[in-house]
Each structure stands twice: as C-alpha cells, then as structure tokens.
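Student: heads up, no residue letters with this:
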C-alpha cells in the first residue's frame with residue numbers, strides 16, 4: 001500500500017497557487033525613463049540627415065519614383081559627375097581667358113594674310129622706311145610683310161583691287177582674275193605665304209632675291 005500511495009503522490013499534478021501581481025511604473029517614472037536622449041533612436045536618425053541626404057532622397061524620388069538605397073546611390077553618382085563635369089568646364093573656360101593658357105597651348109604667331117593689325121592710314125605709311133628699319137634689325141620676315149603690304153597699296157591706288165584690312169590674298173586674287181597682273185600677284189603671294197605664314201627664316205641673300213621680285217612687279221604696274 002505504501003508503494004501505491006508513493007506512486008500516486010509522484011504522479012499527481014502540482015499547481016502554483018501564488019498570487020500574481022502586475023507592477024506598473026508611475027507616469028512620472030515612465031516619462032523620466034523615456035525622456036533619456038540615449039533611448040531616442042528614431043529621433044537621432046532623422047536628426048542626423050543633412051541637407052545633402054535630403055537632396056539625394058528628393059532627387060531619387062523625382063527620377064525613380066522612390067528613395068530606395070540603389071536609387072539614392074544612383075542619384076549621388078549623378079550629382080557627383082555633374083559637379084565634376086561643370087568644374088572641369090569652368091576651369092577650362094577660365095584658363096582660356098587667362099595668360100595661363102600659354103602653358104597648354106602656345107600663343108599663335110601672327111601668320112594671317114590679312115592686315116587687321118595695321119591701324120595706320122596706308123597713305124601715311126612710309127613703306128620704304130618700314131622696310132629699311134626691318135632690314136637694319138635683321139627682321140627679314142617683317143620686311144617681306146611690308147613689301148607685300150606696299151604692293152597691295154599700289155595695286156589699290158591703280159584700282160586693280162580694293163584694299164581692305166580684313167581681306168586675304170585669295171580675295172585679292174579673285175579681284176585680279178582675268179587680268180594681266182593676276183600671275184604676278186599669285187607669285188608674290190606665294191613668297192609672302194612661304195616667308196610669313198610658313199615661318200621661314202630668311203637670310204640676307206634670300207631676302208634680297210625676294211625683295212627684287214616685289215620691286216619688279218611694283219615697277220611694272222607703276223608704268
């Protein structure tokens with residue numbers, strides 16, 4: 001009988017009859033705990049978003065309809081590359097307007113056929129004196145340029161061409177087409193082209209030969 005009673009005692013269900021009490025903090029204590037800045041996780045995250053982050057979200061929403069992580073990354077790349085391209089463009093523009101451009105591209109020498117740099121009235125220019133001064137300094141290229149301008153001046157006075165500072169040798173050649181002086185003018189233009197436009201360095205002997213060509217044509221049309 002003792003064995004049976006022990007078995008019944010071991011198999012019997014045990015129940016807890018302790019009283020359960022619910023403990024709630026006071027309103028003051030609850031307010032004190034949740035006012036701790038260390039617990040304001042969501043507020044901190046929102047507060048840490050700067051203007052750039054908000055701009056990225058706005059751009060992502062405008063471009064892609066929503067501000068997901070991938071869209072924000074794409075928007076960031078767009079902004080960065082836009083800034084880079086604009087910055088490079090501004091730098092190039094500033095350099096092109098400053099003397100620093102010579103570090104990238106050397107200044108072009110005066111090589112054009114036109115005479116827009118000549119501000120004097122041709123009637124007031126002493127061409128022979130200009131030529132003589134250039135020869136004395138050994139600047140034979142400049143002397144040839146004055147020879148060429150002198151030729152244009154005389155052609156203009158003989159009403160074979162109409163001189164204008166902005167015109168080129170091609171313009172004058174077209175005016176002389178069909179005339180007896182066209183061939184001579186083309187020859188002198190070729191000399192000027194070779195010496196001035198081609199940056200050819202003349203010696204005294206070469207200069208004298210070319211100068212005679214100019215004087216021969218000038219004497220011919222002055223007859």
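Tutor: Alright, I've got the coordinates. What you see is a predicted model, and the numbers here were worked out from it, not measured in a lab. Numbering: from 1, shown residues only.
Student: Have a look at the protein and report its longest helix.
Tutor: helix 69-96 (DSSP state H).
Student: Remind me what that one packs against, helices and strands.
Tutor: helix 51-64 (3 or more Cβ pairs under 8 Å, 6 or more residues apart in numbering; DSSP states H and E). Any C-beta I mention is one placed from the backbone N, CA and C, and that applies to glycine too.
Student: tell me which residues of the helix it packs on are tucked away?
Tutor: Of the residues in helix 51-64, 56, 57, 59, 60 count as buried by neighbour count, 16 or more other Cβ atoms under 10 Å.
Student: how distant is stretch 124-138 from the center of its chain?
Tutor: With Cα atoms, centre = their mean, to the nearest Å as the basis, stretch 124-138 stands 41 Å off its chain's centre.
Student: Kindly provide the whole-number mean pLDDT of that stretch.
Tutor: Taken as a whole, stretch 124-138 has a mean pLDDT of 92.
Student: So which residues of the chain form helices?
Tutor: 2-11, 27-34, 41-47, 51-64, 69-96, 101-104, 127-136, 140-157, 169-176, 182-192, 204-221.
Student: how about the longest helix of the chain: buried residues?
Tutor: Within helix 69-96, judged by 16+ other Cβ under 10 Å, the buried ones are 71, 72, 74, 75, 76.
Student: what about the fourth one, distance to residue 59?
Tutor: Going from residue 75 to residue 59 by Cβ to Cβ, to the nearest Å gives 4 Å.
Student: Same list (the buried residues of helix 69-96) but as CSV, adding distance to residue 138.
Tutor: Output for the buried residues of helix 69-96, formatted as CSV (distance: Cβ to Cβ, whole Å):
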residue, distance to residue 138
71, 71
72, 70
74, 66
75, 66
76, 64
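Student: Since that was my last question, I'll sign off now.
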